[in-house]
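Asker: Give me a 3D structure for the following:
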Amino acid sequence: MWVTSSPATALTPTAVALGNFDGVHRGHQKVIQPILQVSGASLPLNGQSESNLVNLPNLKTSCHPQPDTQTGRIYATMATFSPHPREFFSGHALKLLTPRSEKVEQLDSLGIEQLVLLPFDRELASLSPQDFVEKILVKYLQVTHVSVGEDFHFGYRRSGTSKELQAIASTYGIDVTIVPLQTCEGERISSSLIRQSLEEGDIPKANRLLGRNYTLNGVVVQGQQLGRTIGFPTANLQIPPEKFLPRKGVYCVRVHSASLSSHWGVMNIGERPTVQGTSLTVEIHLLNWSGDLYGQTLSVSLEQFIRPEQKFASLDALKAQIQADCEVARGFFGNGG
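Answerer: So this is what the prediction gives:
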């Protein structure tokens, strides 16, 4: 998959899904699908059958400009903004559901061939909707088709709407598909709702909105090794600083790595107040497993929230609670741990 931070180096011509796409959740996947159809790169999303995918008729390919004759193809592309516009205007780093490496992995699995990270700066922020279409979509990306969500806004002070994009693009012979907002159990699917669910420890809801389990990826690093002294060795995970972390507490998780195809575990996110911890840590105890994971990259899939972080009166009380947490996890996994 080609990733570029300069629209001038994009593979062209393109069919583009346009937006922020933090999370690459079920709503985002619906915006991506028309691009896959137009480019001919369509794949089932997250293992879903084609019958489960949204039906978006009238994808008129007959009036699209012809792709470059040397390649004979249109590149299925996602164009997003870096940094996130909210981060640019606020001056504060935004915690992301999918940092860049995770986003690339998710998009690649869906069939996207190219990720264009449009540098969001004063110049880009000041472009009028007309100039954005002309300079970015037409000149650099040579777009043949655009797909956006119904609530998409662009251009100076977000003055452009999805309908305006459709009108402007039509003057250049570019088709625009506007994808209706997606809902789950009566609520609109959004990155904000996923963050809220994670903050509340409602992992099943967050996973339903995402269309997959929320995952933490990181390298196992040396910790204080306190877990070994109380009989529960843990892998201390170094998470990218821009990654959004869920509520502090204990979770049932499934762990994958190069040496672990799949293994159940218990994860703690917190500052370890019982032992006067001062920094946030992410630690995983694998059920019925022993070995050395230092230096390995783990992918930790969140399954269920067990309890919030708490301070215990003694190490013995902490040990007893960890044992109880492990029993809860075994029960959740059907004693598979």
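
Asker: quick one: contacts for residue 197?
Answerer: 203, 205, 206, 209 (C-beta atoms under 8 Å, 6 or more residues apart in numbering). Where C-beta positions appear, they are placed from N, C-alpha and C, glycine not excepted.

Asker: What distance do you get for it to residue 168?
Answerer: To residue 168, residue 197 is 36 Å away according to C-beta to C-beta, to the nearest Å.

Asker: So which of the contacts of residue 197 is surrounded by the most neighbours?
Answerer: Using other C-beta atoms under 10 Å as the neighbour test, those are led by residue 209, with 28 neighbours.

Asker: all helices for the stretch 51-200 of the chain, in order.
Answerer: Taking DSSP state H, counting those that start in this stretch as the test, the helices found in the stretch 51-200 of the chain are 85-90, 100-110, 122-125, 129-131, 162-170, 191-199.

Asker: hmm, back to that, let me have the contacts of residue 197 in CSV, extended by secondary structure.
Answerer: Listed next are the contacts of residue 197 as CSV, based on DSSP: H, G, I helix; E, B strand; the rest coil:
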residue, secondary structure
203, helix
205, helix
206, helix
209, helix
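
Asker: coming back round to it: closest one to residue 220 among the helices of the stretch 51-200 of the chain?
Answerer: Proximity to residue 220, assessed across the helices of the stretch 51-200 of the chain by C-beta to C-beta, is greatest for helix 100-110 (16.9 Å).

Asker: Contacts for that closest one, please.
Answerer: So helix 100-110 is contacted by 1, 3, 21-22, 24, 29, 32, 36, 43, 45-46, 78, 82, 98, 115, 117, 215, 217, 240 (C-beta under 8 Å, 6+ apart).

Asker: now it: mean pLDDT?
Answerer: Helix 100-110 comes out with an average pLDDT of 95.

Asker: Residue 23 is in contact with residue 98, isn't it?
Answerer: Yes: using C-beta atoms under 8 Å, residue 23 is in contact with residue 98, at 5.6 Å.

Asker: So which of those two has more stuff around it?
Answerer: Between residue 23 and residue 98, counted using other C-beta under 10 Å, the more crowded position is residue 23 (27 against 24).

Asker: can you confirm the more buried one is in a strand?
Answerer: No: assessed with three-state DSSP, residue 23 is coil; it does not lie in a strand.

Asker: For the remainder of this discussion, apply numbering that starts at 42.
Answerer: Shifting the count to begin at 42 puts that one at residue 64.

Asker: Enumerate every residue touching it.
Answerer: So residue 64 contacts 138, 139, 232, 235, 251 (C-beta under 8 Å, 6+ apart).

Asker: for residue 135, same thing?
Answerer: Contacts of residue 135 (C-beta under 8 Å, 6+ apart): 124, 125, 127, 128, 283.

Asker: just the residues you listed now: which is nearest residue 163?
Answerer: Checking the contacts of residue 135 against residue 163 with C-beta to C-beta, the nearest one is residue 124 at 12.6 Å.

Asker: wait, doesn't the closest one sit right on residue 161?
Answerer: Yes: counting by C-beta under 8 Å, residue 161 is a contact partner of residue 124 at 5.8 Å.

Asker: And these two? Which one has more around it.
Answerer: Neighbour count, other C-beta under 10 Å: between residue 124 and residue 161, residue 161 has more, with 19 against 16.

Asker: and the more buried one, what pLDDT?
Answerer: Residue 161 is given a pLDDT of 95.
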